[in-house]
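Trainee: Please find the sequence and the predicted model below.
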Amino acid sequence: MLRPLYDWTLKQAARPNAEKVLAAISFAESSFFPIPPDVMLVPMALAKPERAYRLALICTIASVLGGLLGYAIGYYLADVGMKILGLFGYAGNLDAFHNWIQEWGAWAILAKGLTPIPFKLVTIASGMGQLNIFIFTVCCIVTRGARFFLSAYLLKRFGPQARELIEKRLYLAVGIFIAILVLGFVAIKFLH
């Protein structure tokens, strides 16, 4: 089921209305769509490196707006949120993530927004956990902007060689950084 959707998304990158489709996918991925916008961002930025930052901005704005929809689904329609997460196999992770949001708040969003963990899990769980909407929005802007602008920078700077770095090693590096950051906060919490 996901492979045809992935292929369709990739084909959209070459169309004249690709920026609008990129915005729509970035918006939808933050609340219910299974394919990340990187599938379109990477080939579009490689094809026109001078537009890489514009594309990152489109992804960021649309993703934050979609994140607000995901938050609203979690806050007002928790049953619908559970069905969305269950449809993609994420409902089992929700309790652990919900607890993490309750304990770490903004830090959970900042960390998870950079990882390949589906952002819809973050947004819906934040709504269910009734995280402060202002904090949620600021964290979404920071974390999604960092993710998309870092990808745009790497694609613009290193071209096609950056594709492998982004797809494979970037998540590993970000994961290690987040693990160190989380361990530092855990250590501080237990030392006080």
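Mentor: Structure received. None of these values were measured; they are calculated from a predicted model.

Trainee: Pick out the residue closest to the middle of this structure.
Mentor: Central residue of the chain (CA atoms, centre = their mean): Phe119, 4.1 Å from the mean position.

Trainee: how about that residue, what does it touch?
Mentor: Applying CB atoms under 8 Å, 6 or more residues apart in numbering, we find Phe119 in contact with 29-30, 36, 63, 67, 70, 112-113, 144. Any C-beta I mention is one placed from the backbone N, CA and C, and that applies to glycine too.

Trainee: next one: His98
Mentor: With CB under 8 Å, 6+ apart, His98 has these contacts: 125, 128-129.

Trainee: what would these look like in a markdown table with pLDDT?
Mentor: Below are the contacts of His98 laid out as a markdown table (pLDDT from 0 to 100):
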| residue | pLDDT |
| --- | --- |
| Ala125 | 85 |
| Met128 | 87 |
| Gly129 | 84 |
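
Trainee: which one of these is nearest Leu22?
Mentor: Ala125 (25.2 Å; CB to CB).

Trainee: so how far is the host helix or strand of that closest one off the chain centroid?
Mentor: Here Ala125, judged by DSSP states H and E, is contained in helix 119-128. Relative to the chain's own centre, helix 119-128 is displaced by 11 Å; criterion: CA atoms, centre = their mean, to the nearest Å.

Trainee: now swap in stretch 33-49 and tell me
Mentor: Here stretch 33-49 shows a centroid-to-chain-centroid distance of 13 Å under the convention CA atoms, centre = their mean.

Trainee: first to last residue in it, what's the distance?
Mentor: With CA to CA, to the nearest Å as the measure, stretch 33-49 spans 26 Å from end to end.

Trainee: Can you give me the buried ones in it?
Mentor: Buried residues in stretch 33-49, counted by 16 or more other CB atoms under 10 Å: 33-46.
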